[in-house]
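Asker: Just need the structure, nothing else, for what follows:
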Amino acid sequence: MCGISAWFGENASEMTYEILLEIQHRGHDAAGIAFLRNGKLKIAGGSGFVWNAINPSKLDNKARLAIGHVRYSTSGSYAGIYQPVVGRNKKIILAFNGNIINFREAATIFLGKKNYVWDAKAFVDILEELYEEHGNLADAIRDISSILKGSYSLVAISSRGEILVARDPRGIRPLAYSLGDEYLAVSSETAGLSALGLGWKELERNNLIYCQELGSCSKEILGKTLDPAYCAFEYIYFLRPDSFFEGINAHEARKRMGSKLAEKDYVEADLVAPVPDSGRSAAIGYAIRRGLPLDEVIYRNRFSGRAFISAPTIRRKVLLKKFQVMKESVRDRKIILVDDSIVRGDTSRHLVRLLRNAGAKEVHLRSAAPPIVSPCFFGIDMPTREELIAYSKSIEEIRRYIGADTLIYNTVKDIKDSVGKPLCLGCFTSLYPIKIRVDMLEVLFSRGRR
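Answerer: Okay, the predicted model is just below:
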């Protein structure tokens with residue numbers, strides 16, 4: 001799960017940068033912007049947040065074509081690499097959000113080599129090879145689309161000044177665009193465009209946009225249409241609350257998830273507290289449904305990053321700095337604590353302990369998401385079963401580990417009803433929209449964590 005942006009028109013580098021700032025929540029590992037200058041593709045980027053990774057002085061304020069990326073590592077090294085990534089002949093630069101699960105097989109088919117360790121690098125090299133064969137980006141991506149397995153929303157530019165925007169046939173990851181007379185803007189999320197005052201549309205799954213110059217952009221079918229499978233975790237956690245995905249607003253969907261939790265809950269409580277920030281919408285829905293007061297009893301340091309999307313080596317450090325409790329609000333009270341999900345259990349355990357130490361009488365944990373029992377190989381960094389607390393523990397065992405008085409999850413049906421769209425639910429059901437070998441992909445994407 002990363003974020004991509006693009007701009008074709010005046011002030012392309014600056015506008016691409018502004019969109020990246022609006023979707024920073026989608027990746028903290030690294031950031032980069034690529035732009036076209038005098039027929040050559042240039043890249044500025046590095047590790048960390050956008051404002052640290054990209055030096056504005058290294059951008060070309062006269063560039064009319066630029067693409068950007070914020071990285072949340074799901075393939076390749078956690079450190080030292082970033083997108084956009086350039087092809088080996090420096091004719092194509094690509095930025096994409098998702099995971100290509102058969103990138104080594106695809107590289108062998110199209111390039112005759114399989115020693116790739118990063119799907120992004122394999123992807124751009126294959127795209128460039130086909131670009132040189134077909135002469136345009138649209139035909140190049142169509143040629144590869146029947147082979148690629150996984151998820152991808154992408155932007156790519158060529159040294160000849162073309163831009164390609166595409167979304168995979170199942171539409172697993174979101175992608176939005178705004179097309180005017182003098183510009184084309186692209187963002188992983190609708191909020192990245194609306195924040196700039198732009199009208200937007202969502203690019204339909206299995207569609208591409210191809211422009212050789214402004215005023216001659218075409219929207220075309222990418223390849224064979226497959227059954228839709230929109231990522232449930234986008235609705236539960238990743239999307240900004242003001243973003244839309246397949247016409248569904250994330251905030252409203254999460255409120256419905258909270259309401260579903262409340263329907264099955266009868267424990268006595270004094271207040272409902274969200275885990276900020278991603279649990280807030282569900283907590284609102286829960287509180288409204290049960291008629292209980294909602295109070296912000298946990299302070300989240302917004303500059304510490306999102307612990308879930310941090311690299312494993314620093315995740316605990318981020319977690320310890322991230323939260324503090326307003327003691328006067330929790331002392332001697334029975335608290336319903338609502339979070340978006342429970343993945344590894346570390347955050348939940350830490351928060352329950354903080355609330356108890358602050359004097360809470362009872363802490364009842366509620367998860368808007370169902371138990372996560374299987375890895376994700378389509379853009380979320382949870383690639384092994386062993387790191388998922390619900391894979392090896394029952395709900396009662398999880399409750400004891402976390403230290404909550406009670407624990408309730410939503411069901412898969414609750415999520416389906418709350419969103420109302422065809423979803424990829426593989427992490428909850430072990431049933432994926434693509435036929436895969438979980439054991440093989442765990443090895444491929446675990447990067448030494450097993």
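
Asker: Now do the same contact list for residue 263.
Answerer: Residue 263 makes contacts with residue 289, as judged by C-beta atoms under 8 Å, 6 or more residues apart in numbering. Where C-beta positions appear, they are placed from N, C-alpha and C, glycine not excepted.

Asker: pLDDT score for the nearest residue to residue 434 once chain neighbours are set aside?
Answerer: Sequence neighbours aside, residue 149 is the residue nearest to residue 434 in space, at 5.5 Å (criterion: C-beta to C-beta, 6 or more residues apart in numbering). Confidence at residue 149, expressed as pLDDT, is 95.

Asker: separation between residue 21 and residue 169?
Answerer: 30 Å (C-beta to C-beta, to the nearest Å).

Asker: tell me what the helix of greatest length in the chain is packed against?
Answerer: Scanning the chain for the longest helix, with DSSP state H as the assignment, gives helix 119-134. Applying 3 or more C-beta pairs under 8 Å, 6 or more residues apart in numbering; DSSP states H and E, we find helix 119-134 packed against strand 85-86, strand 92-100, helix 103-111, helix 137-145, strand 150-158.

Asker: Let's see that with 6 Å instead.
Answerer: If contacts are counted by 3 or more C-beta pairs under 6 Å, 6 or more residues apart in numbering; DSSP states H and E, helix 119-134 sits against strand 85-86, strand 92-100, helix 103-111, helix 137-145.

Asker: What is the burial count for residue 232?
Answerer: Here the number of neighbours of residue 232 (other C-beta atoms under 10 Å) works out to 24.

Asker: could you list every residue that touches it?
Answerer: For residue 232, the contacting residues are 415, 423, 425, by C-beta atoms under 6 Å, 6 or more residues apart in numbering.

Asker: Please tell me how far residue 29 sits from residue 237.
Answerer: Counting by C-beta to C-beta - residue 29 and residue 237 are separated by 17 Å.

Asker: returning to that earlier point: give me the distance between the longest helix of the chain and the centre of its chain.
Answerer: Relative to its chain's centre, helix 119-134 lies at 24 Å (C-alpha atoms, centre = their mean, to the nearest Å).

Asker: what does stretch 290-301 give?
Answerer: Offset of stretch 290-301 from its chain centre (C-alpha atoms, centre = their mean): 25 Å.

Asker: Let's see that stretch as PDB, backbone CA atoms only.
Answerer: What follows is stretch 290-301, C-alpha atoms only, in PDB (Å, rounded to 0.1, in the frame of the first residue of the first chain):
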ATOM      1  CA  ARG A 290     -25.600   2.800  21.600                       C
ATOM      2  CA  GLY A 291     -26.400   6.300  22.700                       C
ATOM      3  CA  LEU A 292     -23.200   6.500  24.700                       C
ATOM      4  CA  PRO A 293     -20.900   9.600  25.000                       C
ATOM      5  CA  LEU A 294     -17.900   9.700  22.700                       C
ATOM      6  CA  ASP A 295     -14.700  11.100  24.200                       C
ATOM      7  CA  GLU A 296     -11.100  11.500  22.900                       C
ATOM      8  CA  VAL A 297      -9.200  10.000  25.800                       C
ATOM      9  CA  ILE A 298      -6.100   9.100  23.800                       C
ATOM     10  CA  TYR A 299      -3.700  11.600  22.400                       C
ATOM     11  CA  ARG A 300      -1.800  10.500  19.300                       C
ATOM     12  CA  ASN A 301       1.400  12.200  18.300                       C
END
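
Asker: what's it in contact with?
Answerer: Residues contacting stretch 290-301 (C-beta under 6 Å, 6+ apart): 262, 271-273, 276, 287, 322-326, 329-330.

Asker: Give me the distance between residue 282 and residue 414.
Answerer: For residue 282 relative to residue 414 (C-beta to C-beta), the value is 11 Å.

Asker: Look at the two and report which has more neighbours.
Answerer: Neighbours per residue (other C-beta under 10 Å) separate residue 282 from residue 414, with residue 282 holding more: 34 against 20.

Asker: right, and the more buried one touches residue 367 too?
Answerer: No - the criterion here is C-beta atoms under 6 Å, and residue 282 misses it with residue 367 at 8.8 Å.

Asker: elements contacting the host helix or strand of residue 18?
Answerer: Residue 18 belongs to helix 12-22 when assigned by DSSP states H and E. With contacts taken as 3+ C-beta pairs under 6 Å, 6+ apart, helix 12-22 sits against strand 3-9, strand 65-71.

Asker: Give the rounded mean pLDDT of the first one.
Answerer: Right, the one you point to is strand 3-9. 98.

Asker: same check, this time on stretch 206-221
Answerer: pLDDT averaged over stretch 206-221 gives 95.

Asker: Now the closest residue to residue 276 other than its chain neighbours. Its backbone dihedrals?
Answerer: Using C-beta to C-beta, 6+ apart and skipping the chain neighbours, the partner closest in space to residue 276 is residue 300 (4.1 Å). Note on residue 300: backbone dihedrals following degrees, to the nearest 10 are phi -110, psi 130.

Asker: what pLDDT does residue 308 get?
Answerer: What the model reports as pLDDT for residue 308 is 51.

Asker: should've said residue 101
Answerer: pLDDT at residue 101 comes out at 95.

Asker: Just list the residues touching the residue nearest to it when sequence neighbours are not counted, thanks.
Answerer: Nearest non-adjacent residue to residue 101, counting by C-beta to C-beta, 6+ apart: residue 150, 4.4 Å away. Shown in contact with residue 150 (C-beta under 6 Å, 6+ apart): 99, 100, 101, 378.

Asker: How about the contacts made by the last one?
Answerer: It stands for residue 378. Applying C-beta under 6 Å, 6+ apart, the residues near residue 378 are 99, 150, 151, 172.

Asker: what does the second one give?
Answerer: If a contact means C-beta under 6 Å, 6+ apart, then residue 100 has 119, 123, 148, 150 as its contacts.

Asker: ok, so of these, who is nearest residue 86?
Answerer: residue 123 (11.8 Å; C-beta to C-beta).

Asker: Quick check, pLDDT for the closest one.
Answerer: 97.

Asker: ok, it to residue 393 distance?
Answerer: The value you get for residue 123 to residue 393, if C-beta to C-beta is used, is 37 Å.

Asker: cool, residue 164 as well?
Answerer: Taking C-beta to C-beta, one finds residue 164 at 45 Å from residue 393.

Asker: and if you look at residue 11?
Answerer: 52 Å.

Asker: Save the contacts of residue 150 as CSV, and put in distance to residue 72 too.
Answerer: Formatted as CSV, the contacts of residue 150 follow (distance: C-beta to C-beta, whole Å):
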residue, distance to residue 72
99, 11
100, 15
101, 17
378, 13
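
Asker: Could you work out the most separated pair of those?
Answerer: Among the contacts of residue 150, 100 and 378 lie farthest apart (C-beta to C-beta), at 9.6 Å.

Asker: just to revisit the earlier point, out of residue 164 and residue 393, which sits in the busier spot?
Answerer: residue 164 (24 against 15).

Asker: Find the nearest non-adjacent residue to that one, please.
Answerer: residue 137 (3.9 Å).

Asker: Now do the contacts for that neighbour.
Answerer: Counted by C-beta under 6 Å, 6+ apart, residue 137 has contacts 131, 162, 164.
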